[in-house]
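In: A structural model of the following input is requested.
(one chain, ligands or ions: 1)
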Amino acid sequence: MLSNSCVKVDHVYKKFGNQVVLQDITLEVPKSQIFGLLGPSGSGKTTLVKLISGIDVATSGDIRLLDVSMPKLEMMNQIGYMSQSDALYMELSAQENLEFFAALFGLNAAARKIRIQEVMELVDLQAFLKKSVASYSGGMKRRLSLAIALLHKPKVLILDEPTVGIDPVLRKSIWDEFTRLSQQGTTIIVTTHVMDEADKCHRLGMIREGKLIAVGSPAELKQQTGTNTIEEAFLYYEGVKS
Ligand SMILES: Nc1ncnc2c1ncn2[C@@H]1O[C@H](COP(=O)(O)OP(=O)(O)OP(=O)(O)O)[C@@H](O)[C@H]1O
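Out: Numbering: from 1, shown residues only. Below you'll find the model as predicted:
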């Protein structure tokens, strides 16, 4: 294991009944890296990030996060997890949602107040703090979910398609923040379908039918496939090269 390793996935399999959803995944992500997972719908990305977060358990193999074998309840404070479906209390305001999660993460009242302002500014929702989440658009709910994942300044951010439904301008500012966070030491694992986002990751893992078929920096993947864009490299690995 690398001394600066944050995530280590070792020969992991996941089955649902007879269906093998992840097959022999081995992967290491160093601290401070932005690692992107790319793959078609149903290839196993969500399943893999759930295993890394400790939300689900591998059928076999080992997953270590910051050198602790997962799943482990105590690690929840170190992780900011944003799922594909927003886990929000619709009948409450954004502020009440944030207060609830901040309390869960053990932030005291003073820290809570400052941090809620900071994360809401980041996702550009300050003006909607008091509004009921039920009145939020889909993109606003994604932004609030991201704000919640960032609340406790986790060491590891695990984000399942965080920018779906978010306009390009805000998407850029969110990615600028991811880059800033990684420079400050946060490790980020992100699933995406957006190719320009994939290009911003330090390294990418491409998944197809539950197998990790390529891992490398965007430049390496383009070089290995003789392509000019991540989209072309992705299509090459998908076996649909024209
Ligand atoms: N709880 C579950 N029970 C049974 N099958 C499941 C379960 N969760 C996922 N699967 C199956 O595992 C496979 C991989 O699903 P997963 O959600 O990990 O894919 P994905 O790559 O994240 O897809 P998408 O990009 O559409 O989100 C799919 O065939 C899915 O139907």
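
In: now the strands for this protein?
Out: Along the chain, the segments classed as strands by DSSP state E run 5-16, 19-30, 34-38, 60-65, 68-69, 79-82, 156-160, 187-191, 203-208, 211-216.

In: in JSON lines: those strands, plus mean neighbour count, mean pLDDT and distance to the ligand.
Out: Backbone N, C-alpha and C define where each C-beta goes, glycine included. Output for those, formatted as JSON lines (neighbours: other Cβ atoms under 10 Å; pLDDT from 0 to 100; distance: least, Cβ to the nearest ligand atom, whole Å):
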{"stretch": "strand 5-16", "mean neighbour count": "18", "mean pLDDT": "97", "distance to the ligand": "3"}
{"stretch": "strand 19-30", "mean neighbour count": "17", "mean pLDDT": "98", "distance to the ligand": "4"}
{"stretch": "strand 34-38", "mean neighbour count": "25", "mean pLDDT": "97", "distance to the ligand": "8"}
{"stretch": "strand 60-65", "mean neighbour count": "18", "mean pLDDT": "97", "distance to the ligand": "15"}
{"stretch": "strand 68-69", "mean neighbour count": "12", "mean pLDDT": "94", "distance to the ligand": "22"}
{"stretch": "strand 79-82", "mean neighbour count": "22", "mean pLDDT": "94", "distance to the ligand": "13"}
{"stretch": "strand 156-160", "mean neighbour count": "24", "mean pLDDT": "96", "distance to the ligand": "7"}
{"stretch": "strand 187-191", "mean neighbour count": "25", "mean pLDDT": "97", "distance to the ligand": "6"}
{"stretch": "strand 203-208", "mean neighbour count": "22", "mean pLDDT": "96", "distance to the ligand": "7"}
{"stretch": "strand 211-216", "mean neighbour count": "17", "mean pLDDT": "96", "distance to the ligand": "12"}
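
In: what comes up buried for the least confident helix or strand in the chain by mean pLDDT?
Out: Sorted by mean pLDDT, DSSP states H and E, the helices and strands of the chain end with helix 195-198, the least confident at a mean of 88. Using 16 or more other Cβ atoms under 10 Å as the test for burial, helix 195-198 gives 197, 198.

In: ok, is it in contact with the ligand or not?
Out: No. Helix 195-198 stays clear of the ligand (Cβ under 6 Å from any ligand atom), getting no nearer than 13.4 Å.

In: just checking, what packs against that helix?
Out: strand 34-38, helix 230-237 (3 or more Cβ pairs under 8 Å, 6 or more residues apart in numbering; DSSP states H and E).

In: compute the inter-axis angle for the lengthiest helix in the chain and strand 34-38.
Out: Determined from DSSP state H, the single longest helix within the chain is helix 168-183. Calculated by axes from the mean of the first three to the mean of the last three Cα atoms, to 10 degrees, helix 168-183 forms an angle of 130 degrees with strand 34-38.

In: what's in contact with helix 168-183?
Out: 32-34, 122-124, 139, 143, 146, 157, 162-163, 166, 188, 190, 194, 197, 200, 202 (Cβ atoms under 8 Å, 6 or more residues apart in numbering).
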